[in-house]
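> build me a model:
(2 chains)
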Amino acid sequence: MSPGSSNPSSPGASSASDDFAALLDEELQGSSQEVGIDIGDGEVAREEFEQEGTPEEDEDRDEMVVSNDEEVAVDQVGEDLSDEVGGENVGGSGKIDGSKEDDTGMEEYESRKRKRVEEDDMQESENAKGICPPHPGFMWGVCIRCGENRQTSNTQPAEVGVALRYIHEGLELTEREAARMRHDELKHVLARKKLYLVLDLDHTLLNSARFMEVPPDEEAYLVACYWKARSSGPEEATGYNVGGSAGPSGIGESEYKGGLNRLNHLQLWTKLRPFAHEFLEAASKMFEMYVYTMGERTYAVAMARLLDPTGRYFGDRVISQGDSTRRTTKDLDVVLGAESAVVILDDTEGVWPKHRPNLMLMERYHFFRSSCRQFGLKSLSLTDKRKDESTEEGTLANTLNSLRSLHHTVFSETAEPVGSKRKVEDVRKVLQTLKKNTLKGCRIVFSRIFPTAMRDMERHPFWRLTEELGAKCSNTLHPGATHIVALDRGTDKARWAKKHGKYLVHPTWVEAAQYLWRRPREEDFPVAENNPEPPLTTYAKTVEVLMDEVSRSSAVDTEAVGGGSSADCRNPSEVLGESTKSKEMTVFDTAKASSPIDKTADSVA
Amino acid sequence: MFFHIYLERNMQLHPRHFGPHLRDKLISKLIQDVEGTCSGRHGFVVAVTAVETIGQGLIRDGTGYVTFPMKYQCVVFRPFKGEILESVVTMVNKMGFFAEAGPVQIFVSNHLIPDDMVFQSGDVPSYETSDGSVRIQKDSEVRLKIVGTRVDATEIFCIGTIKDDFLGLIGNPGGGA
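Next comes the predicted model:
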């Protein structure tokens, strides 16, 4: 096929290029036909060979069993869940209504799953042969398996695919192919003793504020911190603090250097949550990590680079808003990880409507004033308090511990004898179990938390949250009670608690338990006299970050869980302002729990 | 595949270039304009090898620019279905890998990678055989066969396979296969 031969003697002919094009087209037609046949034959032949069993097929067969079991396990877990719920129904009569929603959600999920499995079975025979159509996916509009163009592939209407733009522009996979990928991936990932971790950025790993949102006084503080950090070493100038270098002697100081970044090209201040680098380093050994943010692509990539300058934690697994299949919620359909092995860290429960069982809720990280304002919090931001979360005992450190125990639980099952069919626990089930351990053994009696007129308070999110955390709830006093949750010291139950030496705690104690994944210290959540305000603004431990050279030695001076928050506000009016508005904060922090509490406060009195 | 073909183009030249070096100027402008471009019809223009004829210039009304019809010979590169190419891997992920053969981007999906090669994530993501003897990573050289192309007016993309005899790794960044 030499174009030169098409017009050897007429170099000046005006139609030279046209001739050539015609020839190309002809050749193209011919070659494509030939190739088409060629490929077809090749595929069939190979398939026959595979059916006889290639060596590596045999090797994989064991693992295949694992992953098949995994599917089964998922189903089983579903059943287990409903079993459990059913069990509780027998125990607590009022629970039925409460769990109905869960049940329907689970059923829906189950049916979806089943449908998919059925579809898979149906298509398996064709699909396994590796013959298109159905096309498994498209790259640049060309089938990734047979090379056929999407437009020309006649027959069936093109299946709606999941666009995976974050992996590469133009890549699109069908639902089935994505499922197959997850399935295949799972066994490799599990073989390396890893799970998937989907991380949110804003308020989870970091906090950002636009330059224009930062008022001058706050900016002055930030600039001072920033330049101080930069001047103290070239390493920090890049905004990357080598994990683990922060010794206990200078937590506040050295952490600060790595944490605060000024991104001129995005017009952003970004503060990484303390411990972020260490967290990622440790988590990368247990998880394959994704970033999933509702922010824009440029923002997501810039943030991922801050957290992970070398790209070894996230690689190309950075999902931003444009990559999501829906605009307002997040979904695991773009994550190529089996749902049974994904843990999600996020600060907003609402954006994960379909994957609540996978979610570990994080306490929001509000470093900048604008961030507090955005969420309607009137309390002082961390910049105003000149504080920051503690490195060693902050939210991320707590979360890392929870993740460790989760990872351990999941894989300790694997270590058991090979005879057992089910090898790997479902993450969702383990999470549920871990959650149940948080307040295990606590028998909680609510006092004026719910309005007396409320009929099915077992359905109330706060009640359910408390039960999810493993506590036994009741609204009537009984001698076995260990904790009384009240907003007011003056109630009968509160007085009873005092008399019998039981714990009297504020409802935020339960919320704190949800974030801390352990039983919070009851002393930190007292119920004040006639003051239905939450005693804490942050559940995570915070430390002072002082700019002053002289007082730097005392920077390590950590405080008990947020205890001294009021001590920091030198201005008494600020204290007042904080306390009057802090109820609002609760509303946003735990939106599901608080609004009726407010109502209660009004109606019960 | 490379072709040596004749192409035509109307070149516009600013009047300031009119003078003794007009021809040279035209040719250098032509080279600047067409080399590296891609047309769906002919593929990528790799190099202009000779200028056949330069026609009579036509002065444009109003602007003073002059249009010269030019015929030139050039080498073009156009990938075809079924063609075997040698390429350099640019990116590896769990979906497959991307490679470049000169200006053409080629995607090889994991369907079209031999089944004994498994994706390994890590610092340097790669596809590896279980014994580790073959390892495809970024900057590896790979021989592949094109199974499909998408030809736009200005871009050409290909889907490739290495799941066939004599295809696959031919060299690693460190040297050696």
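> right, and the helix or strand after the helix or strand encompassing A:Y196?
Under the criterion of DSSP states H and E, A:Y196 resides in strand A:195-199. Later in the chain than strand A:195-199, the nearest helix or strand by DSSP H and E is strand A:206-210.
> just checking, what packs against that next one?
Where contact means 3 or more CB pairs under 8 Å, 6 or more residues apart in numbering or on different chains; DSSP states H and E, strand A:206-210 is packed against strand A:268-272, helix A:297-307, helix A:369-374. (Each C-beta comes from the backbone N, C-alpha and C, glycine too.)
> re the thing from before, the strand holding A:Y196 pairs with which strands?
Here strand A:195-199 is paired, per DSSP bridges, with strand A:287-292 (parallel), strand A:342-346 (parallel).
> now do the shortest one, average pLDDT.
What that stands for is strand A:342-346. Here strand A:342-346 scores 86 as its mean pLDDT.
> distance of the residue of the stretch 201-350 of chain A found nearest chain B relative to A:L396?
At 5.2 Å from chain B, A:R312 is the closest residue in the stretch 201-350 of chain A, using CB to the nearest CB. From A:R312 across to A:L396, the span is 19 Å (CB to CB, to the nearest Å).
> ditto for B:G171
From B:G171 to A:L396 the distance is 44 Å (CB to CB).
> show me which of these two is the more surrounded one.
A:L396 (29 against 15; other CB atoms under 10 Å in any protein chain shown).
> which strands and helices sit next to the host helix or strand of that one?
Assessed by DSSP H and E, A:L396 sits inside helix A:395-414. Contacting helix A:395-414 under the criterion 3+ CB pairs under 8 Å, 6+ apart are the following elements: strand A:195-199, helix A:276-284, strand A:342-346, strand A:359-361, helix A:427-438, helix A:508-516.
> hmm, back to that, please work out the angle formed by the directions of the strand holding A:Y196 and helix A:297-307.
120 degrees (axes from the mean of the first three to the mean of the last three CA atoms, to 10 degrees).
> just the CA atoms of strand A:195-199, as PDB, please.
The C-alpha trace of strand A:195-199 is given here as PDB (Å, rounded to 0.1, in the frame of the first residue of the first chain):
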ATOM      1  CA  LEU A 195      -9.500  -2.100  51.600                       C
ATOM      2  CA  TYR A 196     -10.800   1.000  49.900                       C
ATOM      3  CA  LEU A 197     -10.900   4.400  51.600                       C
ATOM      4  CA  VAL A 198     -12.900   7.200  50.000                       C
ATOM      5  CA  LEU A 199     -11.900  10.600  51.500                       C
END
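> give the rounded mean pLDDT of it.
Mean predicted confidence for strand A:195-199 is 86.
> do the same with stretch B:153-161
87.
> now check it, is it near chain A?
Yes - if you take CB under 8 Å from any CB of the partner chain as the test, stretch B:153-161 does meet chain A, through B:157-159.
> JSON lines for those residues, including neighbour count and secondary structure?
Below are these laid out as JSON lines (neighbours: other CB atoms under 10 Å in any protein chain shown; DSSP: H, G, I helix; E, B strand; the rest coil):
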{"residue": "B:F157", "neighbour count": "19", "secondary structure": "strand"}
{"residue": "B:C158", "neighbour count": "29", "secondary structure": "strand"}
{"residue": "B:I159", "neighbour count": "29", "secondary structure": "strand"}
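> quick one: the strands in chain B?
Using DSSP state E, the strands assigned to chain B run over residues B:2-13, B:38-39, B:43-54, B:58-59, B:66-77, B:84-93, B:96-101, B:104-109, B:117-120, B:126-129, B:135-136, B:141-151, B:156-161, B:168-171.
> and the third one, which strands flank it?
Strand B:43-54 has these partner strands in its sheet, going by DSSP bridges: strand B:38-39 (antiparallel), strand B:66-77 (antiparallel).
> next, the buried residues of that strand.
For strand B:43-54, burial by neighbour count (16 or more other CB atoms under 10 Å in any protein chain shown) applies to B:43-46, B:48, B:51, B:54.
> for the residue of chain A at minimum distance from chain B, give me its contacts.
Of all residues in chain A, A:G147 sits closest to chain B, at 2.1 Å by CB to the nearest CB. For A:G147, the contact set (CB atoms under 8 Å, 6 or more residues apart in numbering or on different chains) comprises A:39, B:81, B:146-149, B:159.
> and for B:H21?
Contact partners of B:H21, counting by CB under 8 Å, 6+ apart, are absent.
> confidence score at the residue of the stretch 201-350 of chain A closest to chain B?
Reported pLDDT for A:R312: 79.
> let me see the domain layout of chain B.
Using automatic domain parsing, the domain parsing of chain B gives B:2-77, B:84-171.
> can you give me how far the last one is from the chain middle?
Offset of domain B:84-171 from its chain centre (CA atoms, centre = their mean, to the nearest Å): 16 Å.
> now do the first one
Domain B:2-77 sits 20 Å away from the centroid of its parent chain (CA atoms, centre = their mean).
> count the residues that sit near whichever residue of chain B sits closest to chain A.
Per CB to the nearest CB, B:G148 is where chain B lies closest to chain A, at 2.1 Å. By other CB under 10 Å, the residues close to B:G148 number 26.
> A:F462 and A:V510 touch, don't they?
Yes - with contact defined as CB atoms under 8 Å, A:F462 counts as touching A:V510 (7.2 Å).
> the two - which one has more neighbours?
Just comparing A:F462 and A:V510: by other CB under 10 Å the higher neighbour count belongs to A:V510, 28 against 23.
> host element of the residue lying closest to the more buried one once chain neighbours are set aside?
Counting by CB to CB, 6 or more residues apart in numbering or on different chains, A:V510 lies nearest to A:T466, which is 5.3 Å off, once chain neighbours are set aside. Under the criterion of DSSP H and E, A:T466 resides in helix A:461-468.
> could you give the mean pLDDT of that helix?
82.
> in it, which residues are buried?
A:461-467.
> now for it, which elements pack on it?
helix A:427-438, strand A:472-474, helix A:508-516, helix A:591-604.
> lowest average pLDDT across those?
helix A:591-604 (a mean of 39).
> low-confidence stretches in the chain?
I went with chain A, as the question did not name one. A:1-133, A:151-160, A:230-258, A:378-380, A:413-424, A:528-605 (pLDDT under 70).
> try chain B instead
For chain B, the stretches with pLDDT under 70 are B:174-177.
> centre-most residue in it?
B:P103 (2.6 Å; CA atoms, centre = their mean).
> what parts of the stretch 101-250 of chain A come near chain B?
So far as CB under 8 Å from any CB goes, the stretch 101-250 of chain A lies against chain B at A:130, A:136-137, A:139-149, A:164, A:167-168, A:170-171, A:173, A:181, A:185, A:188.
> and B:E100, how far from A:K493?
73 Å.
> re the thing from before, could you work out the most separated pair of the contacts of A:G147?
Comparing all pairs in the contacts of A:G147 by CB to CB, the longest separation belongs to A:I39 and B:T149, at 13.7 Å.
> residue with max distance from the center of chain B?
Chain B, CA atoms, centre = their mean, max distance from centroid: B:G62 (38.5 Å).
> counting neighbours, what do you get for the closest residue to A:N149 other than its chain neighbours?
Distance criterion CB to CB, 6+ apart; nearest residue to A:N149, sequence neighbours excluded, is A:V142 at 5.7 Å. Number of residues near A:V142 (other CB under 10 Å) recorded here: 26.
> what's opposite A:V142 in the beta bridge?
With DSSP bridges as the rule, A:V142 is bridged to A:M139, A:N149.
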